[in-house]
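J.: this one's sequence-less:
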């Protein structure tokens with residue numbers, strides 16, 4: 001098994017991509033710290049993981065103090081963190097103007113201060129807080145490590161939701177800057193930029209917005225959570241030992257660069 005003896009902290013593990021990634025890494029031998037905003041969904045994921053020795057806890061990633069406490073819990077439970085999958089995120093928040101996108105063709109002028117800042121707090125601040133606190137453990141243990149930040153094709157080729165696109169582009173900036181800084185510690189930092197994937201998040205996308213995206217995808221279909229989990233496994237394992245500061249985009253050809 002590719003991840004035997006390693007510990008993976010996965011945020012947003014209670015559903016969708018986070019749950020699929022947790023299950024895939026566990027099947028490869030990793031012990032999982034399944035972290036989610038809601039304790040009950042984190043526990044649900046815990047109940048379906050292969051193997052033993054896993055751990056679940058709840059955290060609001062937008063709170064630096066809460067993230068610090070969560071990483072301390074995980075460190076106390078396992079004594080190490082080898083993999084971080086920074087997956088927790090949202091695609092819209094109340095007041096961010098996304099409901100006006102289809103109606104008026106624009107979001108920006110309808111976006112409230114609170115709508116923008118609350119989404120950025122989860123998608124950008126949350127990534128940074130989890131990365132920062134996990135790095136403290138990785139550096140202390142001197143085991144190296146792999147950090148995987150979840151961005152999006154929206155961060156590569158902005159389309160539609162302004163606040164979401166801004167947040168996912170910021171994740172790519174964090175990924176590159178941290179990879180350059182942390183390479184000397186043997187810590188790799190990469191990003192995944194999913195295309196249109198069948199998850200609870202995309203289930204809420206209005207059909208008039210979703211259908212053109214699928215039609216524009218050369219493979220003419222949506223992706224599956226396992227497509228992203230396979231990419232995460234590659235980046236978490238030694239198969240990608242000379243890859244850092246990069247992004248990989250399973251998107252069916254919707255965005256090509």
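T.: That came in fine, so what should we check first? Computed from a predicted model, the values in this text were never measured in an experiment.
J.: quick one: secondary structure of residue 189?
T.: For residue 189, the secondary-structure state derived from DSSP: H, G, I helix; E, B strand; the rest coil is strand.
J.: Could you tell me which residues make contact with the nearest residue to residue 20 once chain neighbours are set aside?
T.: Among residues not flanking residue 20 along the chain, residue 225 sits closest, at 3.7 Å (C-beta to C-beta, 6 or more residues apart in numbering). Where C-beta positions appear, they are placed from N, C-alpha and C, glycine not excepted. With contacts defined as C-beta atoms under 8 Å, 6 or more residues apart in numbering, residue 225 is in contact with 16-17, 19-20, 197-199.
J.: which ones among those are found in helices?
T.: Assigned to helices by DSSP state H, the following of the contacts of residue 225 qualify: 16-17, 19-20.
J.: Just name the closest of the residues you listed to residue 247, please.
T.: Of all the ones in helices among the contacts of residue 225, the one with the least separation from residue 247 (C-beta to C-beta) is residue 17, at 15.5 Å.
J.: wait, isn't the closest one in contact with residue 199?
T.: Yes - in this structure, residue 17 sits in contact with residue 199. The criterion is C-beta atoms under 8 Å, and the distance is 5.9 Å.
J.: The two: which has the busier surroundings?
T.: Remark: of residue 17 and residue 199, residue 17 carries more neighbours, 26 against 20, as counted by other C-beta atoms under 10 Å.
J.: Quick one, grab the pLDDT at that one.
T.: Residue 17 carries a pLDDT value of 97.
J.: ditto for residue 102
T.: The pLDDT attached to residue 102 in the predicted structure is 61.
J.: can you check the one 5 residues further on too?
T.: Residue 107 carries a pLDDT score of 80 in this model.
J.: which residues in this structure form helices?
T.: Under the criterion DSSP H, the chain contains helices at 16-27, 39-46, 64-78, 101-104, 113-120, 126-141, 162-182, 200-203, 207-216, 225-236.
J.: Report the mean per-residue pLDDT for the last one.
T.: In this model, helix 225-236 has a mean pLDDT of 98.
J.: just the angle between it and helix 16-27, please?
T.: Counting by axes from the mean of the first three to the mean of the last three C-alpha atoms, to 10 degrees, helix 225-236 points 50 degrees away from the direction of helix 16-27.
J.: Please point out which parts of helix 225-236 sit buried.
T.: Along helix 225-236, these residues count as buried under the neighbour rule (16 or more other C-beta atoms under 10 Å): 225, 227-229, 231-236.
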